[in-house]
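Colleague: The following comprises the amino acid sequence and a computationally predicted model.
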Amino acid sequence: MAIKNICCLGAGYVGGPTCSVIAWKCPDVKVTVVDLSVERIAQWNSEKLPIYEPLLDDVVKECRGKNLFFTNDVKSAILDADLIFISVNTPTKTFGNGKGRAADLKYVEGAARMIADIAQSDKIVVEKSTVPVRAAESIQNILYANNKPGVTYHILSNPEFLAEGTAINDLLHADRVLIGGEDSGAIEKLCKIYEHWIPRKNILTTNTWSSELSKLAANAMLAQRVSSINSLSAVCEATGADVSEVARAVGLDSRIGSKFLQASIGFGGSCFQKDILDLVYICECLNLPEVAAYWQQVIDMNEYQKSRFTAKVVRALFNTVSGKNIALLGFAFKKNTGDTRESPAIYVAKTLLDEGATLNIYDPKVEESQIFKDLTHPSICESPEQVRKTVKVCGDAYSATKGTHAIVVCTEWDEFMVLDYKKIYDGMMKPAFIFDGRKILDHEKLLEYGFHVQTIGKQLRKPTPPPRMTNNHHV
Ligand SMILES: NC(=O)c1ccc[n+]([C@@H]2O[C@H](COP(=O)([O-])OP(=O)(O)OC[C@H]3O[C@@H](n4cnc5c(N)ncnc54)[C@H](O)[C@@H]3O)[C@@H](O)[C@H]2O)c1
Ligand SMILES: O=c1ccn([C@@H]2O[C@H](COP(=O)(O)OP(=O)(O)O[C@H]3O[C@H](CO)[C@@H](O)[C@H](O)[C@H]3O)[C@@H](O)[C@H]2O)c(=O)[nH]1
């Protein structure tokens, strides 16, 4: 029997968009997305969705209330479902064995326990969350622990490869869909769901462990490219080479390819660091210390890049930012999302605040409450009151930059490329500095306006000196 009823545990950045697209593309399938958070479900049912993602509003509006439902009624959703996605968070452990590295599987375990408690009929249980290799085994053990006669579970791994900011497009035009499992019948049923819009040749089936590991491997290799180009950006700054030119020249080799070679202030987001740390931990547990050290270096290089960039800002501002007012443009970890998890902007803000600066922050999609939540987190600051006194969240780039000593571009939002930088320069303290952490601005123009400009992976000349004042009108 074909799948008619899908339940998704976890209404987050993955569960929400993925299930919305499934509902949109499979009108005869009922899709119910559940979460433990009452607030999150209320937001999914409101006009303002809990996450910002281009095109998501349209898809949700099209299907919500028809074959797409958001609810806290976990019990009915599990009872009715033929197939259940586990799409809960798998953050890095913050305590105990593996602290700071291993993935914390407590939410996955919680989800599996809920299924085991509630289910009364056969279920296909699909691991959509990113998990350590062999997590499916633990899920299976939990599901069968209280042995309900007549209930059979088929466990599949179906990792998600969408990136935030392009989630809907990534889902609609996935390079591949990966399904790992041992039961060909269950695999076939999940294939049939994706076949509503993904060509069969792009649906890859593997064994469970290959599928689980492929997700960690893909993220590790993507992040590795970013760390590789960022490491070369330091060489460029020291030699006069330009990292954009190097990336272009290298990326035109079809064996290397041009994507993910954009030098930056470092990668952020909820996945890269977490998943590589998990891979490192797995390698250590498998007694593969050389392999662990190899992947750890991708994270170490990212830390180096973030600190190298921030140190450059402080150095350029005459080695002291104490009492200086600095504008941060962008707070999200990349453009077209309001997500700030592991955003390099948090690191930049923390360092500048620790050095005594006051900050004006503007991001088109990050809420003020989120910025303060991030900057007053105990791992970031000792005194939340101090942060509230020294950080101002602004409603646009012009008010954020007015009267400041320097601008730091942390996120590559398109709107930052088309600002009137002459006007901004005129409103700033002099000398006016701009640090382009994303390489998106027209540096030559900025130099002409009089800005001191620094960026990643390229030495820039000094600004054009202002016209000399003279008393000799004939000269
Ligand atoms: N964010 C991404 O772009 C992305 C992309 C690919 C894969 N992933 C992976 O997908 C998983 C989910 O990531 P996310 O960003 O959507 O996380 P998220 O934190 O946005 O959402 C997870 C949701 O699961 C809910 N939840 C936890 N336990 C639950 C339970 N037992 N029942 C119902 N709901 C429960 C939480 O309340 C939360 O709303 C992670 O493993 C992540 O690594 C994320
Ligand atoms: O050339 C590049 C590409 C990316 N980044 C940065 O790297 C981070 C991650 O970007 P991206 O991968 O586009 O976004 P994510 O939403 O984190 O998506 C990654 O992590 C997801 C969660 O596992 C996977 O599903 C996706 O395939 C994978 O791209 C961001 O801070 C980017 O600014 C760069 O600095 N330079």
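Modeller: Sure, I can see it. Ligands and ions are numbered 1, 2, ... in the order given.
Colleague: which residues of this protein score low on pLDDT?
Modeller: Along the chain, the model assigns pLDDT under 70 to residues 466-475.
Colleague: Quick check: the residue of it nearest ligand 1.
Modeller: Closest to ligand 1 within the chain is residue 12: 1.9 Å, counting by Cβ to the nearest ligand atom. (Glycine included, C-beta is placed from N, CA and C.)
Colleague: quick check, that residue in a strand?
Modeller: No - going by DSSP: H, G, I helix; E, B strand; the rest coil, the assignment for residue 12 is coil, not a strand.
Colleague: Would you tell me which residues of the stretch 51-200 of the chain are close to ligand 1?
Modeller: Within the stretch 51-200 of the chain, the positions near ligand 1 by Cβ under 6 Å from any ligand atom are 87-90, 107, 110-111, 114, 129-130, 160, 162, 164.
Colleague: Just the buried ones from those residues, in ChimeraX syntax?
Modeller: Here is the ChimeraX command that picks out the buried ones among these, judged by 16 or more other Cβ atoms under 10 Å:
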select :87,88,89,90,107,111,114,129,130,160,162,164
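Colleague: what's the most distant pair in the residues of the stretch 51-200 of the chain next to ligand 1?
Modeller: Within those, 114 and 164 form the most distant pair, 26.5 Å apart (Cβ to Cβ).
Colleague: okay, now residue 203: neighbour count?
Modeller: For residue 203, the count of nearby residues is 18 (other Cβ atoms under 10 Å).
Colleague: With residue 187 instead?
Modeller: There are 20 residues near residue 187, going by other Cβ under 10 Å.
Colleague: Okay, it and residue 22: tell me how far apart.
Modeller: Distance of residue 187 to residue 22, given as Cβ to Cβ, to the nearest Å: 17 Å.
Colleague: Give me the number of neighbouring residues for the nearest residue to residue 50 once chain neighbours are set aside.
Modeller: Among residues not flanking residue 50 along the chain, residue 43 sits closest, at 3.8 Å (Cβ to Cβ, 6 or more residues apart in numbering). Neighbour count of residue 43, defined by other Cβ under 10 Å: 18.
Colleague: Pretty sure residue 43 sits against residue 35.
Modeller: No - when contacts are counted by Cβ atoms under 8 Å, residue 43 is not listed as touching residue 35 (9.9 Å).
Colleague: Ramachandran angles for residue 7?
Modeller: With angles defined as degrees, to the nearest 10, residue 7 sits at phi -120, psi 140.
Colleague: For it, give me its contacts.
Modeller: 32, 33, 34, 77, 78, 80, 81, 83, 84, 85 (Cβ atoms under 8 Å, 6 or more residues apart in numbering).
Colleague: Excluding chain neighbours, give the residue nearest to the fifth one in space.
Modeller: Excluding the flanking residues, the one nearest residue 78 by Cβ to Cβ, 6+ apart is residue 118, at 4.3 Å.
Colleague: Contact partners for the one you found?
Modeller: By Cβ under 8 Å, 6+ apart, the neighbours of residue 118 are 74, 75, 78, 79.
Colleague: do that again at 10 Å, thanks
Modeller: With contacts defined as Cβ atoms under 10 Å, 6 or more residues apart in numbering, residue 118 is in contact with 74, 75, 76, 77, 78, 79, 81, 84.
Colleague: In the biggest helix by length in the chain, which residues are buried?
Modeller: Longest helix in the chain by number of residues (criterion: DSSP state H): helix 208-239. For helix 208-239, burial by neighbour count (16+ other Cβ under 10 Å) applies to 208, 211-216, 218-220, 222-234, 236-237.
Colleague: Next SSE downstream of it?
Modeller: Scanning forward in sequence from helix 208-239 by DSSP states H and E, the next helix or strand is helix 243-251.
Colleague: list the buried ones in that next one?
Modeller: In helix 243-251, counting by 16+ other Cβ under 10 Å, buried: 243, 244, 246, 247, 251.
Colleague: Could you check how far whichever helix or strand comes after that helix is from the centre of its chain?
Modeller: Going down the chain from helix 243-251, the next helix or strand is helix 272-285, by DSSP H and E. Distance, stretch centre to chain centre, for helix 272-285: 17 Å (Cα atoms, centre = their mean, to the nearest Å).
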